[in-house]
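S.K.: no FASTA, just this:
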């Protein structure tokens, strides 16, 4: 319309915040007495982290939930062998597993990463 005018004192800005689905996994800390491991997981935003894999207990049995609320920051995920993996670990003292760690930021897209672990247990 003609005659409309105005100004915005000091300017204006627009900020768009999107969920950050970055995730890194660190070197596992092995508990050779129990044959378990703890994997440090660092995430860039708040959300849920889950762990799954053949031959390992899921978070449901090791941390009382199917996923753990996290972030941003670092949390430790416990990896506990079960089934054939547990039997092999108890008989040989060694077992290899691959777990998938998934981070889903609140309102964002999941980020899944495989992690190979060598579990060790002192026998005797």
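M.R.: Nice, I can see it. The structure displayed is predicted, hence computed values, not measured ones.
S.K.: quick one: residue 38 and residue 75 touch, right?
M.R.: No. Residue 38 is not in contact with residue 75 according to C-beta atoms under 8 Å; the separation is 9.8 Å. Using the backbone N, CA and C atoms, a C-beta is placed for each residue, glycine as well.
S.K.: The residue lying closest to residue 53 once chain neighbours are set aside: what's it in contact with?
M.R.: Nearest non-adjacent residue to residue 53, counting by C-beta to C-beta, 6 or more residues apart in numbering: residue 99, 3.6 Å away. When contacts are counted by C-beta atoms under 8 Å, 6 or more residues apart in numbering, residue 99 touches 39, 51, 52, 53, 56, 79, 114, 115, 117.
S.K.: make it 10 Å
M.R.: Neighbour list for residue 99: 25, 28, 37, 39, 51-56, 58, 77, 79, 113-117 [criterion: C-beta atoms under 10 Å, 6 or more residues apart in numbering].
S.K.: Tell me what it is bridged to.
M.R.: residue 115 (DSSP bridges).
S.K.: Next one: residue 50 from residue 101, what distance?
M.R.: According to C-beta to C-beta, to the nearest Å, residue 50 stands 7 Å off from residue 101.
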